[in-house]
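> Structure for the following, please:
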Amino acid sequence: MNKKKFDIVALFLLIGVFMAALDNGIISAALTTINQSFDISAQMGSWGITVYTLGMAVTTPIAGKLADMYGRKKIFIIEVILFGLGSLLVALSPSYTFFIIARLIQSFGGGGLFVIASSHIISTYNKEKQGSMLGGLGAMNGIASVLGPNIGSLLINISGTWHWLFLINVPVAIMIIIFMFLKMPETQEKVKTKIDKYAIVIFSLSTLLMMFAINNIQTGNITSSILSLSVIGLFVLGIIGYGIMVFVEYKNESKDIDSFLPFYLLKNPAFSIVLIMGILSGMLIGSIIFIPSFVENVLHVKAANSGYWMTPLALASGVGASMGGKIVDKKGPIFSLVTASIISILGYGGLAFLTYSILPFLIFSIIAGLGFGFTIGAPMTVLATKSANSDENNSTVIGTLSVSRQVGITIAPTLFTTFIQFGYSQMGSKIKHSLDSAHFGIKDIPSSLMKTMENSSGNLTKILEQVNNISNDTLRLAIVNGIEDATHLAYMPVFLTAVIAAFIILLLVSLFRKDFK
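Predicted structure coming up:
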């Protein structure tokens, strides 16, 4: 194959992967605006993210296997068509129900692009170049999620509406479709003809049960709600569902079926550890989605500009991804992941506990970005293919790792939204404590402000506008202090979860170091 020709095709593969991954993050710059547009709560609004990531998780292995069966060029183009159509429907959504359905269609198109691009690279590049190319794809996948809010804020400021966040995908999709139809060579492999539909359905339902369980946690009564059937019952059903899925994959080993999550990989201890780390890395990506909301509510940045504050983290993640790839080549994936975990712990820890103003945010977001870039680049992909102990199933290995990462990305927004809602539910008590310290009482708060606080949980813009109109400086400062305490309580668990995820990755790599060799 002509080297120059393939490089151009590889560039458009990267653009396709970037476009699909971008919509993991681009929506975060407009969450508040979209929620207000459809008049829904922040918790309901999180489904715009989780439905997309769940659809991508389910579609990833299906599209990969269809591409092997019928040709990667054909399925890649179909995926881009679905993504472009879904993007158009999202932009034209007349209701939130329509919006969610359109996001699902969009995810069905975006889910297969990464695994198809990876498979095409493996089948076309020689082994000496596969590592750097796969690392580039992995980095593109993660960095797009980080750049998304920047691009989102830019489009909102230019157009004045969130609809262009999705309309912009349509011309890009058309360009990719035309170019790939003309230039992309067809590649495919001999594979089994039956798709593992039962495992796919069980996996999807189990993940939905876990998300509904998290969503049913009542922030005003956490202990009782967790012990209720609507939470713990759904958790148990979800875990049982995953167990049944593993059993189905075990039975499929002796059948002529392309498994959703192959049992020969699941029973490999080293690869199973990598899958756990994949889920945890998805949690890291999930936490980044909430940074625009964090700077809007904690640092009081305007909603339309909040996405720009992802820029330091985005640039740092690009540097981290590049450095991570080079360190993998020189020191190996284990050393790179240890380094990434330590940096991530420092960065996310600083965001959780030490960020009360602009300067600390800039410092710790850069550190977090470096650690994030290290993690989502080459190290985990190389470690996964290495731990699978086979040169013949890299496509399946990468697809399985992608599914595990998508599980983390899917569950994270629902979990983090619950954390945030809990923090805001404590706003009344935090303000009361602050008022008591300043020798005021709840009765001193204007009634119009009280009503706004009851109806605007998760969006402080309207609350702060009314607080700033209070003429008594001492009273105003006391209320602001209470609001800030509640806001930090809301967002601290998001970044603390990322710290815990990075620490567990560090622990797993250290404990199972010998198993990866």
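
> Show me the domain layout of the protein.
Under the assignment named as automatic domain parsing, the residue ranges that make up the domains of the chain are 3-193+256-424+491-516, 195-255.

> I'd guessed residue 60 sits against residue 399; true?
Yes - if you go by C-beta atoms under 8 Å, residue 60 and residue 399 touch, sitting 5.7 Å apart. Yep, even glycine has a C-beta here, placed from its N, CA and C like the rest.

> joint contacts of these two?
Among the neighbours of residue 60, those also in contact with residue 399 (C-beta atoms under 8 Å, 6 or more residues apart in numbering) are residue 115.

> so what's residue 67 up against?
With contacts defined as C-beta under 8 Å, 6+ apart, residue 67 is in contact with 74-76, 112, 115-116, 119, 188.

> Please apply the same query to residue 111.
When the contact criterion is C-beta under 8 Å, 6+ apart, the partners of residue 111 are 20, 55-60, 62-63, 79, 406.

> Show me the residues you listed that map onto helices.
Residues of those located in helices (DSSP state H): 20, 55-60, 62-63, 79, 406.

> And those residues, which is closest to residue 503?
residue 406 (21.9 Å; C-beta to C-beta).

> Does the closest one touch residue 56 like I think?
Yes - with the criterion set as C-beta under 8 Å, residue 406 and residue 56 qualify as a contacting pair; they are 5.4 Å apart.

> Name the nearest residue to residue 294, sequence neighbours excluded.
Excluding its sequence neighbours, the residue lying closest to residue 294 (C-beta to C-beta, 6 or more residues apart in numbering) is residue 491, at 5.0 Å.

> how near is that neighbour to residue 364?
Counting by C-beta to C-beta, to the nearest Å, the gap between residue 491 and residue 364 amounts to 13 Å.

> can you check residue 186 too?
Summarising the geometry, the distance separating residue 186 from residue 364, computed by C-beta to C-beta, is 47 Å.

> Looking at those two, which has the bigger crowd around it?
Taking other C-beta atoms under 10 Å, residue 186 and residue 364 do not tie; residue 364 has more neighbours (23 against 10).

> before we move on, the earlier item: export the ones in helices among the contacts of residue 111 as CSV, with columns for neighbour count and distance to residue 199.
Putting the ones in helices among the contacts of residue 111 into CSV (neighbours: other C-beta atoms under 10 Å; distance: C-beta to C-beta, whole Å) gives the following:
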residue, neighbour count, distance to residue 199
20, 27, 23
55, 23, 17
56, 29, 17
57, 25, 13
58, 23, 11
59, 25, 14
60, 26, 13
62, 21, 11
63, 28, 15
79, 26, 21
406, 28, 15
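
> Using TSV, lay out those together with distance to residue 284 and pLDDT.
Rendered in TSV, the data for the ones in helices among the contacts of residue 111 read as follows (distance: C-beta to C-beta, whole Å; pLDDT from 0 to 100):
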residue	distance to residue 284	pLDDT
20	19	85
55	21	82
56	17	80
57	16	74
58	21	76
59	22	82
60	18	77
62	25	78
63	24	82
79	26	94
406	13	75
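
> could the residues you listed go into CSV alongside distance to residue 353?
Formatted as CSV, the ones in helices among the contacts of residue 111 follow (distance: C-beta to C-beta, whole Å):
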residue, distance to residue 353
20, 34
55, 35
56, 32
57, 32
58, 36
59, 38
60, 35
62, 42
63, 41
79, 42
406, 29
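
> and of the residues you listed, the nearest to residue 506?
residue 406 (22.3 Å).

> Skip the chain neighbours and tell me the closest residue to that closest one.
Closest residue to residue 406 in three dimensions, ignoring its sequence neighbours and counting by C-beta to C-beta, 6+ apart: residue 57, at 3.4 Å.

> Pretty sure that neighbour sits against residue 401.
No - between residue 57 and residue 401 there is no contact, the gap being 11.7 Å when judged by C-beta under 8 Å.

> Now find how far off-centre the helix or strand harbouring residue 199 is within its chain.
When secondary structure is defined using DSSP states H and E, the element that contains residue 199 is helix 197-215. Centre-to-centre, helix 197-215 and its host chain are 17 Å apart (C-alpha atoms, centre = their mean, to the nearest Å).

> What of stretch 272-286?
11 Å.

> Just the C-alpha atoms of it, please, in PDB.
Taking Å, rounded to 0.1, in the frame of the first residue of the first chain, the C-alpha atoms of stretch 272-286 are listed here in PDB:
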ATOM      1  CA  SER A 272      -8.900  -8.700  34.200                       C
ATOM      2  CA  ILE A 273      -6.800  -6.300  36.200                       C
ATOM      3  CA  VAL A 274      -6.300  -4.200  33.100                       C
ATOM      4  CA  LEU A 275     -10.100  -4.100  32.600                       C
ATOM      5  CA  ILE A 276     -10.500  -2.800  36.200                       C
ATOM      6  CA  MET A 277      -8.000  -0.100  35.500                       C
ATOM      7  CA  GLY A 278      -9.900   0.700  32.300                       C
ATOM      8  CA  ILE A 279     -13.100   1.300  34.300                       C
ATOM      9  CA  LEU A 280     -11.100   3.500  36.700                       C
ATOM     10  CA  SER A 281      -9.500   5.500  33.900                       C
ATOM     11  CA  GLY A 282     -13.100   6.100  32.600                       C
ATOM     12  CA  MET A 283     -13.900   7.500  36.100                       C
ATOM     13  CA  LEU A 284     -11.000  10.000  35.600                       C
ATOM     14  CA  ILE A 285     -12.500  11.100  32.200                       C
ATOM     15  CA  GLY A 286     -15.900  11.300  33.900                       C
END
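
> what's in contact with it?
Identification of contacts with stretch 272-286 by C-beta under 8 Å, 6+ apart yields 24, 142, 145, 266, 337, 344, 348, 372, 375-376, 380, 383-384, 387, 400-402, 404-413, 415-416, 497-498, 501-502, 504-505, 508-509, 512, 515.

> same thing with stretch 415-435?
Residues outside stretch 415-435 that contact it (C-beta under 8 Å, 6+ apart): 42-43, 46, 214-215, 217, 219-220, 222, 286-287, 290, 293, 441-442, 444-445, 453, 457-458, 475, 478-479, 481-483, 485-494, 497.

> Point out where the stretch 201-350 of the chain drops to low pLDDT.
Scanning the stretch 201-350 of the chain for pLDDT under 70 picks out the ranges 218-223, 303-304.

> Break down it into its strands, ranges please.
For the stretch 201-350 of the chain, the strands defined by DSSP state E, counting those that start in this stretch cover 257-258.

> Please, where are all the helices along it?
Read by DSSP state H, counting those that start in this stretch, the stretch 201-350 of the chain holds these helices, from start to end of the chain: 222-226, 234-252, 263-266, 269-288, 291-297, 311-331, 333-353.

> so how far is the second one off the chain centroid?
When C-alpha coordinates are averaged (C-alpha atoms, centre = their mean), helix 234-252 and its chain have centres 24 Å apart.

> okay, the angle between it and helix 197-215?
Relative orientation of helix 234-252 and helix 197-215, computed by axes from the mean of the first three to the mean of the last three C-alpha atoms, to 10 degrees: 160 degrees.

> Would you mind listing the buried residues in helix 234-252?
Buried positions in helix 234-252, judged by neighbour count with 16 or more other C-beta atoms under 10 Å: 234-235, 237-238, 241-242, 244-246, 248-249, 252.

> Would you mind putting the residues you listed into CSV with distance to residue 196 alongside?
Converted to CSV, these look like this (distance: C-beta to C-beta, whole Å):
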residue, distance to residue 196
234, 24
235, 25
237, 21
238, 19
241, 15
242, 15
244, 13
245, 9
246, 12
248, 8
249, 7
252, 6
